[in-house]
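In: Build me a model from this:
(one chain, ligands or ions: 1)
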Amino acid sequence: MGIYEDKLSEKLSSAKWLVFFTGAGMSAESGVPTFRGEDGIWKKFSPRELANVDAFMNNPALVTEWYKHRRKIVRQTNPNAGHIAIAELERYFEVTVVTQNVDNLHSRAGSTKVYELHGNLEKNFCMDCGTRFDSGGVDTLPDIPRCGCGGLIRPDIVWFGENLPAEQFSKAELAIENCDILFIVGTSGIVFPAAHLPMNAKKLGKYLVEINPMESELSYYCDVVFRENAGKSLAAISKLAASLQA
Ligand code: OAD
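Out: Here you go, the predicted model:
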């Protein structure tokens, strides 16, 4: 019996609702850099210089350019086997994705219920009037993009020191309260308040499964740990789910 059958068959057989809590490692195999790995984004750029509102107000052209650059990288990538497997699991279960990623890859893979805790690179809004803009339009604007009202247009990304989107967070909480299995995929689990979600799930007695080649801050809370890459593990789990339905 393989490790997936061994550790998950029983739980998957009776499960109705799966939640996937994902981080940058989920998209690593698509070629999107993580934040804290060897080639991680925060090894090359300082969050203080780029990912906070003061940085944007001091130098909106620089921060806008940086997000354009990240969008360009992400648009050249595709969902990997892991994103696709999560989307496929909707055939057999209620599936909710709660992601810290801003790369849109879960939605591009076909997942229909995705709560984005840290925003989305393809979305922007005017800081003065709140009008929303897709990045396609913003990328054609001058270096410092402005709304018709004159306000600065900023990426709809949660920067350091900012609150998480309340509605997405409470929907994520509700899904986790009601799920049968919480999969924690490719996150170091050190950024709060996002990391509270899996910790609270443990307090609620939920069954936690980690998929991460390295130990994380959340490993301790997990009932089962697969020290594998997301693509390989999730493809195997999707295959197992299909075989259990057959
Ligand atoms: P990190 O870069 O902190 O962690 C990435 C995790 O993915 C690590 O635990 C790796 O071991 C794991 N990993 C790497 N490759 C993997 C693979 N192929 N399959 C599975 N796991 C893999 O990224 P996050 O935990 O997402 O916030 O970081 C959380 C937040 O910190 C981000 O959302 C971002 C950042 O500051 C904001 O921008 C607000």
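In: How about the residue in the chain positioned nearest to the ligand, nearest residue that isn't a chain neighbour?
Out: The ligand sits closest to Gly25 of the chain, with a gap of 2.2 Å, by C-beta to the nearest ligand atom. For glycine as for every other residue, the C-beta is placed from the backbone atoms N, C-alpha and C. Nearest non-adjacent residue to Gly25, counting by C-beta to C-beta, 6 or more residues apart in numbering: Gly186, 2.3 Å away.
In: you'd agree the one you found is up against Ile211?
Out: Yes. Counting by C-beta atoms under 8 Å, Ile211 is a contact partner of Gly186 at 7.0 Å.
In: Touching, Tyr92 and Ala241? I think so.
Out: Yes. Assessed by C-beta under 8 Å, Tyr92 is found in contact with Ala241 at 5.0 Å.
In: Between the two, point out the one with more neighbours.
Out: Ala241 (22 against 16; other C-beta atoms under 10 Å).
In: Surely the more buried one touches Glu90?
Out: No. Checked against C-beta under 8 Å, the pair Ala241 and Glu90 is beyond contact range at 10.5 Å.
In: Point out where this structure drops to low pLDDT.
Out: For the chain, the stretches with pLDDT under 70 are 1.
In: Close to the ligand: what parts of it are there?
Out: The chain comes close to the ligand at residues 23-25, 28-29, 34-37, 40, 51, 100, 118, 158, 186-188, 191, 211-214, 216, 229-230, as judged by C-beta under 6 Å from any ligand atom.
In: let's see it at 5 Å
Out: Residues of the chain found near the ligand, taking C-beta under 5 Å from any ligand atom as the criterion, are 23-25, 28-29, 34-36, 100, 118, 158, 186-188, 191, 212, 214, 216, 229-230.
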